[in-house]
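In: Predicted model follows, preceded by the sequence.
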Amino acid sequence: MSLLRVDGLKVRLGGEEILSDVGFDIQPGTWVGLIGPNGSGKTTLLRAIGAHIPFEGRIKLDGRSVTTWTAAERARRLAFVRQKASLSFDFTVEDLVLLGRAPHRGWLQAYGTTDHDRVREALAQVDLEGFESRSVLSLSGGETQRVFLAQALVQEADLLLLDEPTAHLDVHYQFTFMEQVSTLVEEGRTVLAVFHDLELAARCADRLLLLGDGRLRADGPPADVLTPERIEEVFGMRTRVQRGPDDTLRIDYVEPVVERSSRAAPLSAPS
């Protein structure tokens, strides 16, 4: 059974249709990359999967509609790391990361030794050892993002939804975080991650979903999705795409397309 299945998904926000007839499924233990130009609906898709916004169509997690899960049930199965997480008031780093353990505690049940151990392990994974008592508001943008990554790690959810989680990280932490996510996938976790960098998406993900104008334009292995024709059609850039000896993709951007088509029909793609 698919861990996540999306059928006929449509989302309208502020009277505008953001997503139209989007459908795909994701098997457990896979890393799926979500790519597309700005405004194509990537973040909206993640928010709909997390049941944070209303939608039409069907989104099922483990065969059950996400709208029928309670918030606590969803939090035990699904963790969402936003690109720009904001705070309305101050936390210490430890307290903020501990919130990721809340779905595993009973109502008013105190955090235990295991919870605090998980927090220390997660902070070590994101290279924030010794930051437990620091105010989150005193941290840099990159440090704050790593705190939210640690919070997702301690949540121990089966499905991780990552909205450009490395956007505020330098190259060192981008690399180490992607390595950590890869390890989680090898251990059986499932990841749906938004990527801005197409080469990074091709290197990390087993499979890519390409959104364009709110529609799913392609779905398949990175080398099949990231063709010069599709990149030109969806992103408006002429490119040269080469496959390296280690099966990685190199994308050389040549020039922008003068005119881009709008609301083009979905391109055929392997599924």
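Out: Nice, thanks for sending it over.

In: Assign a three-state SS to the closest residue in space to Arg250 that isn't next to it in sequence, would you?
Out: Nearest residue to Arg250, sequence neighbours excluded (C-beta to C-beta, 6 or more residues apart in numbering): Gln242, at 4.7 Å. C-betas here are computed from N, CA, C, even on glycine. Secondary structure for Gln242, judged by DSSP: H, G, I helix; E, B strand; the rest coil, is strand.

In: mind checking the SS state of the closest residue to Thr92 other than its chain neighbours?
Out: Among residues not flanking Thr92 along the chain, Ser133 sits closest, at 5.5 Å (C-beta to C-beta, 6+ apart). Here Ser133 is recorded as coil under three-state DSSP.

In: Now do the same for Ser133: its pLDDT.
Out: At Ser133 the predicted local distance difference test score is 95.

In: For it, which residues are in contact?
Out: Ser133 makes contacts with Thr92, Val93, Glu94, as judged by C-beta atoms under 8 Å, 6 or more residues apart in numbering.

In: and what of Tyr173?
Out: Counting by C-beta under 8 Å, 6+ apart, Tyr173 has contacts Val126, Asp127, Gly142, Arg146, Thr166.

In: Please state the offset of the helix or strand containing it from the chain centre?
Out: Assigned by DSSP states H and E, Tyr173 belongs to helix 171-186. When distances are taken as C-alpha atoms, centre = their mean, to the nearest Å, helix 171-186 is centred 13 Å away from the chain's centroid.

In: Dump the helix or strand following it to CSV, restricted to CA.
Out: Later in the chain than helix 171-186, the nearest helix or strand by DSSP H and E is strand 190-194. Extracted in CSV, the C-alpha atoms of strand 190-194 (Å, rounded to 0.1, in the frame of the first residue of the first chain):
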residue,chain,number,x,y,z
THR,A,190,9.7,8.7,3.6
VAL,A,191,10.5,12.2,2.4
LEU,A,192,8.7,14.7,0.1
ALA,A,193,11.0,17.7,-0.2
VAL,A,194,10.8,20.9,-2.2
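
In: Packing partners of the helix or strand that strand 190-194 is followed by?
Out: Using DSSP H and E, the helix or strand that follows strand 190-194 towards the C-terminus is helix 198-204. Applying 3 or more C-beta pairs under 8 Å, 6 or more residues apart in numbering; DSSP states H and E, we find helix 198-204 packed against strand 31-35, helix 171-186, helix 222-225, strand 249-256.

In: sorry, back to before: which of the residues in the helix holding Tyr173 are classified as buried?
Out: By neighbour count on 16 or more other C-beta atoms under 10 Å, the buried set for helix 171-186 is Tyr173, Gln174, Thr176, Phe177, Met178, Val181, Leu184, Val185.

In: now the fifth one: how far from Glu233?
Out: In this structure, Met178 and Glu233 are separated by 28 Å, where distance is defined by C-beta to C-beta, to the nearest Å.

In: Quick check: the gap between the nearest residue to Ala102 once chain neighbours are set aside and Arg105.
Out: Counting by C-beta to C-beta, 6+ apart, Ala102 lies nearest to Ala75, which is 7.3 Å off, once chain neighbours are set aside. Ala75 sits 11 Å away from Arg105, going by C-beta to C-beta.

In: which residues of this protein fall in strands?
Out: For the chain, strands defined by DSSP state E occupy the ranges 4-13, 16-26, 31-35, 56-61, 64-65, 78-81, 159-163, 190-194, 207-212, 215-220, 237-243, 249-256.

In: By mean pLDDT, show me the worst of the ones you listed.
Out: For those, mean pLDDT drops lowest on strand 78-81, to a mean of 90.

In: Right, I'll leave it there.
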